[in-house]
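J.: Quick one, fold the following:
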Amino acid sequence: MYTRTSDPTHIVQEAIDNAADEALGGFATRIDVTVHADASVTVDDDGRGIPVGPHPEEKVSTLEVVFTRLHAGGKFDKRDGRGAYAFSGGLHGVGVSVTNALSKRLEVEVKRDGKVHRIVFEHGDVAEKLKVVGTTGPRTTGTRARIYPDPKYFDAPAVSLADLTRLLRAKAVLLPGVKVNLHVEKGKKVETQTWTYPAGLTGYLEELAEGAEPVAPIFEGQTYYGKPGEGDTFAEGEGAAWAFAWYEEGRGEGESYVNLIPTAAGGTHEAGLRAGLFEAIKSFVDHHGLLPRGLRLQTEDVSAKLRYVLSARILDPQFQGQVKEKLTSRDALKLIAQIVKDPLEVWLNGHVEYGRKIAELAIAQAMTRQKSAQRVEKRKGSGVAVLPGKLTDCESDDAARRELFLVEGDSAGGSAKLARDKQYQAILPLRGKVLNTFEVDRDRLFANTEIHDIAVAIGVDPHDANAEPDLAGLRYAKIIVMADADVDGSHIKVLLLTLFFRHFPRLVERGHICVAHPPLYRIDVPAQGKRPARKVYALDDEEVEAMEDRLTKEGVRAGSWKVGRFKGLGEMNPEELWDTTMNPETRRVAAVRVAPAEAASAQRVFAKLMGKAEAASRREWMEEHGNKVEVDV
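T.: As a prediction, the model looks like this:
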């Protein structure tokens, strides 16, 4: 849940991120990472050093708390920038405590207050208590942690040098004036790499482009908001630095960061960058009358040949999952779009020749996309079954972007129809619970109206795991199961997943089947100082508890917020449903796949849970595991 298990690189990254946070706050000028021959890794910085005094609540040293408790970092009190880190990698609060938990040994030395302090952990517990082991100069401070990852938790015991190199190189780019070193022990020799980028993000983007020439000069800039009032609802210091350019060859790609944390899966800040660029270029195209008649420019046309480096600074970043690979903070989309659009629009109109080249690249991409959609339309033929009457289809012919939401009930279906992006999102409301199809013969499936409608809507016939069905008629790239976040909704999800697992296995195998995770709770947070009232959402009771803890740490008065529970999707207004469950940039939607090695195991589980003759084994399973279930009654 909290880390990647392919190798221990991510648990080392947590320690590097702490050092980077010190540098970002202006307290560290150096980060040294050493990969030892025994697969251990040392992270050393010259920051202030983790506090070693007693923690006000835990009654042990703050240093011990940081490495052994969840939600115990110094990153929570952010009001007016007074926290230890006004801008840091997030509020999950698991950080180096997970590093410690997944290490067989962890040695920490802290230089602070003229003394050298040392503490040692083994398998997450204190093995050597905190003690003073030496003295140092009064101005010499810093933290050194040597991490011995426990190989039983990872597929590979050693960190990935390629990933570590990319991470440290990016830290050097994003931290001007900070020297970043990587030392790798190879026998008796030590190989050292040092990174500095005097040209900043532009130099880094040129390196990523590998010598390719852009159609227009690289556009670099940065904007950070000043005191509240200057930047709408954004906090002081929030903003971004960026460098981007368009290239004729290759495809669009880039790197993004939030408070120096690499976000490999992108998120709302990247969506904001694309939105801001699209608005600026569309305005330029419209102003100069460049768009051919009948052609519609879309965001992906503008970003198809774009390469970029984006470093966002967000006060309260929210991520999808503890690995922090994708930013989900909704305000970040508006923030980045707003600060990028205006300077680019000014630059384009001041450099019309370059602006035309960029616009021509986007228009050519739009024409290619339109031709591709027309070719798909021709292959459909005229023998398609009549679509179900209750299906509210989308307008686009681009099957690669179309989505079908299977929605529980007409009420939720009505909200979904109002909330959706009618260009790409279709809605098929289902009446009642779908038939358990695990033991239903394929030739009798269409006797059930709901299953018949699903099959006709998606355009693929039922098939078994050994078949090679004709997927040319597949009408949607994603079929998304969207049910209430309660027990009944979970039952409907299981029944639909049984249908797809048993009778549409190729769709599961290719990642077309997805499950939406709508929130169960809404928290209404009152206005706080210059920050307006806002709504935050939580998936379950555990997230509510974590969110309340975060609000308390932010300084919101306990009890001033209201927690409301949604009775179902139909109770959400369209705007809420869009923001939380349907907007591709902010929703939680998980693709359902079965790993080939787990196929037999998955078959056994489905047989046990859905087979009619398995009542005895289900009862035995429930007696064994029933205590783990939180019953929602």
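
J.: Do me a favour and get the backbone dihedrals for the closest residue to Ala245 other than its chain neighbours.
T.: If the residues on either side of it in the chain are set aside, Ala245 comes closest to Pro214, at 3.7 Å by Cβ to Cβ, 6 or more residues apart in numbering. Any C-beta I mention is one placed from the backbone N, CA and C, and that applies to glycine too. Taking degrees, to the nearest 10, you get phi -80, psi 160 for the backbone angles of Pro214.

J.: how far away is Pro214 from Thr263?
T.: Counting by Cβ to Cβ, to the nearest Å, the separation of Pro214 from Thr263 is 23 Å.

J.: Which residue, neighbours along the chain excluded, lies closest to the residue nearest the centre of the chain?
T.: Nearest to the geometric centre of the chain sits Lys326, at 1.9 Å (Cα atoms, centre = their mean). Nearest non-adjacent residue to Lys326, counting by Cβ to Cβ, 6+ apart: Ala265, 3.8 Å away.

J.: That neighbour falls within a helix, correct?
T.: No - using DSSP: H, G, I helix; E, B strand; the rest coil, the assignment for Ala265 is coil, not a helix.

J.: what about it, neighbour count?
T.: Neighbour count of Ala265, defined by other Cβ atoms under 10 Å: 15.

J.: repeat for Glu122
T.: By the criterion of other Cβ under 10 Å, Glu122 has 16 neighbours.

J.: Kindly report the same for the one 10 residues further on.
T.: The burial metric for Val132, expressed as a neighbour count using other Cβ under 10 Å, is 12.

J.: For the strand or helix carrying it, list the C-alpha coordinates in CSV.
T.: Per DSSP states H and E, Val132 falls inside strand 125-135. Taking C-alpha atoms only, strand 125-135 is exported to CSV below (Å, rounded to 0.1, in the frame of the first residue of the first chain):
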residue,chain,number,x,y,z
ASP,A,125,11.9,-1.1,16.4
VAL,A,126,14.6,0.8,18.5
ALA,A,127,17.7,-1.4,18.8
GLU,A,128,20.0,1.2,20.3
LYS,A,129,18.5,4.1,22.2
LEU,A,130,19.3,7.7,21.3
LYS,A,131,22.6,8.8,22.7
VAL,A,132,25.3,11.4,22.2
VAL,A,133,28.3,9.8,20.5
GLY,A,134,30.5,12.9,19.8
THR,A,135,30.7,16.6,19.5
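
J.: before we move on, back to that, shouldn't the residue nearest to Ala245 be in contact with Tyr247?
T.: Yes - Pro214 lies in contact with Tyr247 (Cβ atoms under 8 Å); the separation is 5.4 Å.

J.: neighbour-wise, which of those two wins?
T.: A direct count of neighbours by other Cβ under 10 Å for Pro214 and Tyr247 places Pro214 higher, at 21 against 18.

J.: ok, Val173 - contacts?
T.: By Cβ atoms under 8 Å, 6 or more residues apart in numbering, the residues touching Val173 are 195, 197, 200-201, 203-204, 309.

J.: among those residues, which are in helices?
T.: 200-201, 203-204 (DSSP state H).

J.: Pull up the pairing partners for the strand holding Val132, direction included.
T.: Strand 125-135 sits in its sheet next to strand 115-122 (antiparallel), going by DSSP bridges.

J.: where exactly do the strands run in the stretch 451-600 of the chain?
T.: For the stretch 451-600 of the chain, the strands defined by DSSP state E, counting those that start in this stretch cover 478-482, 513-516, 521-525, 534-538, 562-565, 589-591.

J.: Just say which of these is most tucked in.
T.: Stretch with highest mean neighbour count among those: strand 478-482 (a mean of 23; mean count of other Cβ atoms under 10 Å).

J.: and it, what does it pack onto?
T.: Applying 3 or more Cβ pairs under 8 Å, 6 or more residues apart in numbering; DSSP states H and E, one finds that strand 478-482 contacts strand 403-408, helix 487-503, strand 513-516, strand 589-591.

J.: can you tell me which of these comes nearest to Ala600?
T.: Closest of the helices and strands packed on strand 478-482 to Ala600 is helix 487-503, at 13.1 Å (criterion: Cβ to Cβ).

J.: Which pLDDT does the model give Ala538?
T.: pLDDT, Ala538: 89.

J.: so it makes contact with Val525?
T.: No - between Ala538 and Val525 there is no contact under Cβ under 8 Å: 11.9 Å.

J.: May I see the buried residues of the lowest-mean-pLDDT helix or strand in the chain?
T.: When each helix and strand of the chain is scored by mean pLDDT, DSSP states H and E, helix 352-379 comes last, with a mean of 79. Residues 354-356, 358-359, 361-363, 365-366, 369-370 are the ones in helix 352-379 that count as buried (16 or more other Cβ atoms under 10 Å).

J.: Please, which helix or strand holds Asn100?
T.: Asn100 belongs to helix 95-101 when assigned by DSSP H and E.

J.: just the strands in the stretch 251-400 of the chain please.
T.: Taking DSSP E, counting those that start in this stretch, the strands of the stretch 251-400 of the chain run over residues 253-258, 261-262, 306-313.

J.: Same question for the stretch 1-150 of the chain.
T.: Under DSSP E, counting those that start in this stretch, the stretch 1-150 of the chain gives strands at 30-35, 41-45, 103-112, 115-122, 125-135, 142-149.
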